[in-house]
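> Quick one: sequence and predicted model below, then my questions.
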Amino acid sequence: MGKNTERTEMTEIKTEDDNVRVRMAPSPTGFLHIGGARTALFNWLFAKHHNGEFILRIDDTDTARSTDESMQEIFDALKWLGINWDKQYVQSERRNIYDKYVLQLLDSGNAYHCYCTQKELEEIRIESRKAKSPRSYDRRGRYLSSEAIERYKAEGRKPNVRIKMPDTPIRVDDLILGSRNIDPATLEDEVIVRSNGMPNYNLTSIVDDAEMQITHVIRGTEHLNNTPKQIAIANALDLKLPQFAHIPLVLDDTGRKLSKRHHGDLVAVNRYREQGYLPEAMLNFVARLGWSYDDKQEIFSVDELIEKFDLARVGKSGSVFDIKKLEWLNSHYINQLDVAARTDAVIPFWQQEGLLDATKERDWLERIVDAVGERLTTFQDIIPQTRYFFTDAYEYDSKAVKKWWGGSDEKKQKTREILTNLGQILKKIPTFDVETIESAIWKYTDENDIKRVAAMQTLRIALTGMSFGPSLFDIVALLGKDEVLKRIQRAITHLK
RNA sequence: GCCGCUAUCGUCUAGGGGUUAGGACGGAUGGUUCUCAGCCAUCAAACCGGGGUUCGAAUCCCCGUAGCGGUACCA
């Protein structure tokens, strides 16, 4: 623990219920990623737990990078996760509100115009760094003469607006990290309005938090350094402050912050939806990144999450995104579903692959899903695991062939023999059901002293091309006599 | 460079002055089964380092170290 901090006691964070109002404030500059989803979740859980309100605020003041598409993507991702919001705001539609506050700041002398060009700013930065200054802007705009201002105006320079930072320490209280005093000497006179007139984050964020009567700001630790600046702005405006709770970052396996820029859509929530993950699994997974309940429970329903979530049990250090754990949770939640529900979930994937047509009956599909059983980690897995049910356009897996069908001519001869016998036996079966098939095949293996596993694997490869999968008897029954005999014949031909 | 934050198995974490430092994911081994998955059993695996304080420190304090975040007219 650092200096100047006071530990938050491990009792539940006390709040006045019914007054809680939190917000998630994404910038629509890309898809929602795992980290963003977790921020949304924590806010949402906190709101639900306290019967409060959860607001979605689109922080799109960066007009150059914000897009409607990514806004839509964020909506979709949140909806998929089941994180619903009570109110929605878009900052670009609230310009007049921010303008009013900026004017107030200017009038009261708490903000000033800065006419520096990008180039000048860059030079100042280099100088400041050389001088080991804790700041990278020298505040020259604070002391501009009226002549200088006139000159800049005549040049056509468009000023931005900077906040004048106070010279007294700023106390930052954080529900998770404790409290500290920030040395004003390290505080930047932050730009609050761009030269194009658009206010930016540090201004709009804290203004809106006050305007919307946000009680708790729960956001990623990357915003920790912005907090004293925002507090300074709020103080200058005499705005009520929310309570802050900075949650630790979600990291990649090298320990770096997860970001769209570095990790692409590998971390996009919508991508996981497309791959056949369940929102319950994602929610459960993401909740446990930085939050824990006790030393026993790993699986939490949404209701349990709402009931048990508490900021006091959120840790301080970052958590690595471990897809293996997500996969485990996902298969858990998939296996909770009954066959009908799993079939519903899996149909779109079959469709996408063009495997479904009008001849495929619902009952048959459900039987396939039932046969696959607990073998799905994601719904997408249904494709490699069941493709052969729909088409015989598969290759025989070379490793499987080598192991079970044999490389030598004698082994191939033996394999052909087994296949031929199996074909004859199956052909004679009157009722093509699992039990009859099973007893017929085992009668054959046991009476002819053939290893069960050898016969089964030989047949499996002939029917599916693979050496693994659901119970072979299920496969045989599901494929039907004609198809089975056809495939056996094809395998025998292949082996010649 | 400057400012800030953090530090328990590979990962998520529980615990927190006296414990065999617990659980889960992942890994390994064995069992079950026609294969795979699953299931069952077993195993390996951690308190960043150094100083204090104390009878006793992973736990409290200090100092390091490392990692990360920020350092934009992004959010």
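Sure, I can see it. All values reported here derive from a predicted model rather than from experimental measurement.
> Just the C-alpha atoms of stretch A:472-480, please, in PDB.
Extracted in PDB, the C-alpha atoms of stretch A:472-480 (Å, rounded to 0.1, in the frame of the first residue of the first chain):
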ATOM      1  CA  LEU A 472     -20.900 -45.200 -32.000                       C
ATOM      2  CA  PHE A 473     -24.200 -46.900 -31.600                       C
ATOM      3  CA  ASP A 474     -25.900 -43.500 -31.500                       C
ATOM      4  CA  ILE A 475     -24.100 -42.500 -34.600                       C
ATOM      5  CA  VAL A 476     -25.100 -45.700 -36.500                       C
ATOM      6  CA  ALA A 477     -28.700 -45.300 -35.400                       C
ATOM      7  CA  LEU A 478     -28.800 -41.600 -36.300                       C
ATOM      8  CA  LEU A 479     -27.300 -42.100 -39.700                       C
ATOM      9  CA  GLY A 480     -29.700 -44.800 -40.600                       C
END
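> So which residues make contact with that stretch?
A:364, A:367-368, A:371, A:389, A:426, A:432-434, A:437-438, A:441, A:456, A:459-460, A:463-464, A:469, A:484, A:487 (Cβ atoms under 8 Å, 6 or more residues apart in numbering). Using the backbone N, CA and C atoms, a C-beta is placed for each residue, glycine as well.
> Now the buried members of those.
Neighbour-count burial (16 or more other Cβ atoms under 10 Å) is assigned, among the contacts of stretch A:472-480, to A:367-368, A:371, A:389, A:426, A:432, A:434, A:437-438, A:441, A:456, A:459-460, A:463-464, A:469, A:484, A:487.
> Check those residues one by one and keep those near RNA strand B.
A:Met456, A:Arg460, A:Gly469 (Cβ under 7 Å from any atom of the strand).
> out of those residues, who's nearest RNA strand B?
A:Met456 (3.6 Å; Cβ to the nearest atom of the strand).
> what about the closest one, which SS state?
helix (DSSP: H, G, I helix; E, B strand; the rest coil).
> Let me see the contact set for it.
A:Ile441, A:Leu472.
> Model confidence score at it, please.
pLDDT recorded at A:Met456 is 94.
> Let me know whether stretch A:187-200 sits next to RNA strand B.
Yes: Stretch A:187-200 comes into contact with RNA strand B (Cβ under 7 Å from any atom of the strand), by way of A:Glu188, A:Val191, A:Arg194, A:Ser195, A:Asn196, A:Asn200.
> Next: stretch A:378-386.
No: if you take Cβ under 7 Å from any atom of the strand as the test, stretch A:378-386 misses RNA strand B, and the best it gets is 8.4 Å.
> just to revisit the earlier point, switch the residues of stretch A:187-200 next to RNA strand B over to TSV; also include neighbour count and pLDDT.
Compiled in TSV, the residues of stretch A:187-200 next to RNA strand B are given as follows (neighbours: other Cβ atoms under 10 Å; pLDDT from 0 to 100):
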residue	neighbour count	pLDDT
A:Glu188	16	94
A:Val191	20	97
A:Arg194	16	97
A:Ser195	17	96
A:Asn196	9	95
A:Asn200	19	95
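> now for these, which pair is the farthest apart?
A:Glu188 and A:Asn196 (20.3 Å; Cβ to Cβ).
> can you give me the strands for chain A?
With DSSP state E, the ranges of strands along chain A come out as A:21-24, A:53-58, A:87-90, A:111-114, A:160-163, A:170-174, A:178-182, A:191-193, A:216-220, A:243-247, A:250-251, A:319-320.
> Quick check: can you name the pairing partners of the last one and their directions?
Here strand A:319-320 is paired, per DSSP bridges, with strand A:250-251 (parallel).
> Ok, the fourth one next?
Using DSSP bridges, the strands paired with strand A:111-114 in its sheet are strand A:160-163 (antiparallel).
> Leaving out sequence neighbours, find the closest residue to A:Thr168.
A:Pro184 (6.1 Å; Cβ to Cβ, 6 or more residues apart in numbering).
> and the one you found, how many neighbours?
14 (other Cβ atoms under 10 Å).
> Test my guess that it contacts A:Pro166.
Yes: using Cβ atoms under 8 Å, A:Pro184 is in contact with A:Pro166, at 5.9 Å.
> Could you tell me which residues touch both of the two?
Counting by Cβ under 8 Å, 6+ apart, A:Pro184 and A:Pro166 have no shared contacts at all.
> Need the ones next to RNA strand B among the buried ones among the contacts of stretch A:472-480 in a markdown table (columns: distance to A:Lys399).
Shown next, in a markdown table, are those (distance: Cβ to Cβ, whole Å):
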| residue | distance to A:Lys399 |
| --- | --- |
| A:Met456 | 17 |
| A:Arg460 | 13 |
| A:Gly469 | 15 |
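> Could you list the buried residues of stretch A:140-157?
A:Gly141, A:Leu144, A:Tyr152.
> In helices, which of those residues fall?
Using DSSP state H, the subset of these located in helices is A:Tyr152.
> and which of the buried residues of stretch A:140-157 is nearest A:Glu304?
A:Gly141 (53.2 Å).
> Next, count neighbours for the residue nearest to that closest one when sequence neighbours are not counted.
Excluding the flanking residues, the one nearest A:Gly141 by Cβ to Cβ, 6+ apart is A:Cys114, at 3.4 Å. Neighbourhood size, A:Cys114 [other Cβ under 10 Å]: 23.
> distance of A:Cys114 from RNA strand B?
Distance from A:Cys114 to RNA strand B, counting by Cβ to the nearest atom of the strand, to the nearest Å: 7 Å.
> pLDDT score assigned to that residue?
A:Cys114 carries a pLDDT score of 96 in this model.
> which ones are touching it?
A:Arg140, A:Gly141, A:Pro159, A:Asn160, A:Val161, A:Arg162, A:Asp189, A:Val191.
> now check stretch A:36-54, is it near RNA strand B?
No: legend: contact between stretch A:36-54 and RNA strand B by Cβ under 7 Å from any atom of the strand is lacking; minimum distance shown is 9.4 Å.
> Any buried residues in that stretch, and which?
Buried-residue list, stretch A:36-54, by 16+ other Cβ under 10 Å: A:36-50, A:52-54.
> now A:Met198, nearest residue through space, not along the chain?
A:Met198 sits nearest to A:Thr61 (Cβ to Cβ, 6+ apart), 5.6 Å away.
> before we move on, the earlier item: and the residue nearest to A:Thr168, how far is that from A:Ile299?
48 Å (Cβ to Cβ, to the nearest Å).
> Also A:Lys119?
Plainly put, A:Lys119 is 57 Å away from A:Ile299 if you go by Cβ to Cβ.
> More neighbours: those two, which one.
Between A:Lys119 and A:Ile299, counted using other Cβ under 10 Å, the more crowded position is A:Ile299 (13 against 8).
> Verify the contact between that one and A:Asn284 for me.
Yes: counting by Cβ under 8 Å, A:Ile299 touches A:Asn284, with 6.5 Å between them.
> Show me the common contact partners of the two, please.
In contact with both A:Ile299 and A:Asn284: A:Leu329, using Cβ under 8 Å, 6+ apart.
> in the biggest helix by length in chain A, what's buried?
If you go by DSSP H, chain A has its longest helix at helix A:409-428. Judged by neighbour count using 16+ other Cβ under 10 Å, the buried positions of helix A:409-428 are A:Lys412, A:Lys414, A:Thr415, A:Arg416, A:Ile418, A:Leu419, A:Asn421, A:Leu422, A:Gly423, A:Leu426.
> next one: stretch A:336-347
Buried-residue list, stretch A:336-347, by 16+ other Cβ under 10 Å: A:Leu337, A:Val339, A:Arg342, A:Thr343, A:Asp344, A:Ala345, A:Val346, A:Ile347.
> what residues does the stretch 51-200 of chain A put near RNA strand B?
Going by Cβ under 7 Å from any atom of the strand, the residues of the stretch 51-200 of chain A near RNA strand B are A:59, A:61-62, A:65, A:116-118, A:121, A:125, A:128-129, A:132-134, A:136-137, A:158, A:160, A:177-178, A:180, A:182-183, A:186, A:188, A:191, A:194-196, A:200.
> Cool, thanks, talk later.
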